[in-house]
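Peer 1: Just need the structure, nothing else, for what follows:
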Amino acid sequence: MPRSKGTVIGFWIATGLFCLQMGFTAYAQLRLPQVAEAFTHLGFPAYFRVELSWAKFLGVVLLLAPVPARLKEWAYAGFAITIVSALIAHFSVGDGPGAWGWAAGTAVLWVLSYFFWRRLQAVPQARTRPAGTMAATSAL
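Peer 2: Predicted structure coming up:
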């Protein structure tokens, strides 16, 4: 079963945008003082901001590089935990859509990227019979 061009294009568009967004947030967490203040507002320690940034950079590399599928799956899982945690943190301190909207938009890109990646990973199952069974035949 050949890969559809639409699926491949959809994957690279969604993944490219997702990786740009995650890369930008990682950079912002390391360099922008207002983002550091937002982490303080959410109750996170300063070291967590640095740790999270480097984990995001690593995840972006894993999504874009030709690595084994298991590593990409771990990167997607890590990003899912990060996004859900960001949304929970914003909701728990009573932030409005202006604060959690970025995380929600990132979640949409994550879903699209992961959906297309899973479609590309799907391996068509061979049409074989289990051992000891007879194939169904039709009498014409």
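Peer 1: residues of the longest helix along the chain that come out buried?
Peer 2: Selection of the longest helix in the chain by residue count, based on DSSP state H, yields helix 5-31. Burial within helix 5-31, assessed by neighbour count using 16 or more other C-beta atoms under 10 Å, is assigned to 10-11, 14-15, 17-19, 21-23, 25-26, 28-30. Any C-beta I mention is one placed from the backbone N, CA and C, and that applies to glycine too.
Peer 1: And for stretch 55-62?
Peer 2: Taking 16+ other C-beta under 10 Å as the neighbour-count basis, stretch 55-62 is seen to contain the buried residues 56, 59, 60, 62.
Peer 1: Tabulate these (CSV), appending pLDDT, distance to residue 36 and secondary structure.
Peer 2: Below are the buried residues of stretch 55-62 laid out as CSV (pLDDT from 0 to 100; distance: C-beta to C-beta, whole Å; DSSP: H, G, I helix; E, B strand; the rest coil):
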residue, pLDDT, distance to residue 36, secondary structure
56, 97, 15, helix
59, 97, 21, helix
60, 98, 21, helix
62, 97, 26, helix
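Peer 1: all strands for the chain, in order.
Peer 2: Taking DSSP state E, the chain contains no strands at all.
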